[in-house]
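> please find the sequence and the predicted model below.
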Amino acid sequence: MKRSTVAFAICGFLGALFLSIGGACPVRAQSSPSAPSKAPEYVGSETCKTCHEEVYKSWEKGPHWKQTLKEGGIAKHGCEDCHGAGSAHVADPADTSTLFLFGKASAHDVNTRCETCHASGSQHLKAINSLHRQADVSCISCHSSHHSEGREFLLARPQPQLCVTCHQAQKAQFEMPFHHRVNEGLINCTDCHNPHGTVKPHQVRTSAQQDAVCFKCHADKQGPFVFEHDPVKTEGCQSCHVPHGGPNPHMLRLSTVNLLCFQCHTNSTFSGAPSAPSFHNQTTQFQACTLCHTNIHGSNFDPFFFK
């Protein structure tokens with residue numbers, strides 16, 4: 001008998017013996033499809049509270065509790081509206097594979113998760129233009145659903161402490177002798193900037209007339225004027241002023257008013273602005289242009305802003 005024939009007979013005999021004692025074909029068992037795993041089910045926030053009582057009590061005081069549980073939310077699931085169905089985690093607390101854990105997710109995934117609900121708000125429509133988003137700053141970098149310290153918007157920390165965590169240069173500018181009174185609590189960073197993004201540079205807000213947000217407080221500088229100072233409309237307030245703070249009065253970019261004016265009012269023609277008259281003596285009588293040109297932002301009576 002050939003060797004191959006003997007091997008085939010032995011294999012057949014062992015296979016028959018294995019089946020006769022109740023075994024299953026190992027090759028068939030390996031090739032058979034596995035049973036589909038059961039999809040996780042919702043267990044309710046009260047179940048979550050059993051283990052996460054401290055987190056639940058903090059969340060219960062915030063607007064997310066009202067929106068996701070008290071008023072029905074997406075599916076009346078509370079915690080699970082954000083974190084996903086928790087039955088698998090309840091069955092095995094070590095199993096978090098079916099949950100969305102914000103602390104372990106990427107900034108893109110976190111933002112996408114939050115925008116499931118927050119995409120329709122006017123504050124968030126411009127998020128695609130947000131410098132924060134482009135820098136991979138996630139929603140939970142500034143907001144905390146469970147441990148908010150801010151009085152509104154579930155901010156992780158109050159302003160400006162939250163903002164200067166990253167914006168250290170602006171923190172130093174607010175310490176300068178002349179500054180916007182942010183540290184004193186009179187205004188907030190978000191009064192001038194939209195942290196979720198705008199169509200303007202530096203995420204600066206605009207007024208109702210789409211002018212610089214500065215006019216919201218400094219309305220007397222807005223006009224309209226019969227005779228306008230061109231930089232106010234073309235370049236904005238930052239052409240002469242620093243926005244956060246500096247060493248010069250009125251937060252001017254330069255310490256001497258005349259030097260600031262002469263950046264445009266020179267004998268060169270690049271700016272199109274008229275140069276200072278030759279009889280202006282800068283060392284004696286005309287030490288500051290604004291001594292005569294008092295309405296420098298614009299005037300309804302004089303093209304030279306004398307009054």
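Now that the structure is in, tell me what you want to look at. Numbers count the residues shown, from 1 in each chain.
> how does this protein divide into domains?
The chain breaks down into these domains under automatic domain parsing: 46-100, 107-203, 213-299.
> redo those as TSV? Include mean pLDDT and distance to residue 40.
All C-beta atoms are positioned from the backbone trio N, CA, C, and that covers glycine. Shown next, in TSV, are the domains of the chain (pLDDT from 0 to 100; distance: least, CB to CB, whole Å):
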stretch	mean pLDDT	distance to residue 40
domain 46-100	83	4
domain 107-203	87	17
domain 213-299	83	47
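> okay, helices next: where are they in this structure?
With DSSP state H, the ranges of helices along the chain come out as 3-20, 26-31, 45-51, 53-60, 63-65, 79-83, 87-91, 107-118, 131-134, 168-173, 189-192, 230-234, 257-261.
> for those, which one sits closest to residue 303?
Closest to residue 303 of the helices of the chain, according to CB to CB: helix 230-234, at 11.8 Å.
> which residues does the closest one contact?
Contacts to helix 230-234, defined as CB atoms under 8 Å, 6 or more residues apart in numbering, come from residues 221, 223, 239-240, 264, 273, 297-298.
> at 7 Å what do you get?
Contacts with helix 230-234, where a contact means CB atoms under 7 Å, 6 or more residues apart in numbering, come from 239-240, 297-298.
> repeat for stretch 85-103
For stretch 85-103, the surrounding residues in contact (CB under 7 Å, 6+ apart) are 40-43, 47-48, 80, 82-84, 110, 113, 140.
> same check, this time on stretch 136-145
Residues outside stretch 136-145 that contact it (CB under 7 Å, 6+ apart): 59, 62, 64, 102, 107, 110-111, 114, 153-156, 162, 195.
> what comes up buried for that stretch?
137-145 (16 or more other CB atoms under 10 Å).
> emit the ChimeraX select command for whichever of the contacts of helix 230-234 are buried.
The ChimeraX selection below is limited to those of these classed as buried (16+ other CB under 10 Å):
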select :240,297,298
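> what segments of the stretch 101-250 of the chain are strands?
Assigned by DSSP state E, counting those that start in this stretch, the strands in the stretch 101-250 of the chain fall at 178-179, 227-228, 245-246.
> is it possible to export those to CSV including mean neighbour count and distance to residue 171?
Listed next are the strands of the stretch 101-250 of the chain as CSV, based on neighbours: other CB atoms under 10 Å; distance: least, CB to CB, whole Å:
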stretch, mean neighbour count, distance to residue 171
strand 178-179, 16, 11
strand 227-228, 15, 35
strand 245-246, 20, 10
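> redo the ones you listed as a markdown table? Include distance to residue 185.
What follows is these, written out as a markdown table (distance: least, CB to CB, whole Å):
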| stretch | distance to residue 185 |
| --- | --- |
| strand 178-179 | 13 |
| strand 227-228 | 34 |
| strand 245-246 | 15 |
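> out of the ones you listed, which gets nearest to residue 167?
In terms of CB to CB, the element of the strands of the stretch 101-250 of the chain nearest to residue 167 is strand 245-246, at 12.6 Å.
> partners of that closest one, with directions?
strand 178-179 (antiparallel) (DSSP bridges).
> give the contact list for the nearest residue to residue 58 once chain neighbours are set aside.
Leaving out its chain neighbours, the residue that sits closest to residue 58 by CB to CB, 6 or more residues apart in numbering is residue 146, at 4.8 Å. Shown in contact with residue 146 (CB under 7 Å, 6+ apart): 55, 58-59.
> switch to 10 Å and redo it
Neighbouring residues of residue 146 by CB atoms under 10 Å, 6 or more residues apart in numbering: 52, 54-62, 64, 102, 140, 154.
> the residues you listed, buried ones only, as a PyMOL selection?
Of the contacts of residue 146, the buried ones go into a single PyMOL selection, burial set by 16+ other CB under 10 Å:
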select buried, resi 56+58+59+60+64+102+140+154
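> now the contacts of residue 146 in JSON lines, with distance to residue 119?
Shown next, in JSON lines, are the contacts of residue 146 (distance: CB to CB, whole Å):
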{"residue": "52", "distance to residue 119": "27"}
{"residue": "54", "distance to residue 119": "30"}
{"residue": "55", "distance to residue 119": "25"}
{"residue": "56", "distance to residue 119": "26"}
{"residue": "57", "distance to residue 119": "29"}
{"residue": "58", "distance to residue 119": "25"}
{"residue": "59", "distance to residue 119": "22"}
{"residue": "60", "distance to residue 119": "25"}
{"residue": "61", "distance to residue 119": "25"}
{"residue": "62", "distance to residue 119": "20"}
{"residue": "64", "distance to residue 119": "16"}
{"residue": "102", "distance to residue 119": "17"}
{"residue": "140", "distance to residue 119": "17"}
{"residue": "154", "distance to residue 119": "17"}
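> could you double-check that residue 226 sits in contact with residue 298?
Yes. With contacts defined as CB atoms under 10 Å, residue 226 counts as touching residue 298 at a distance of 8.1 Å.
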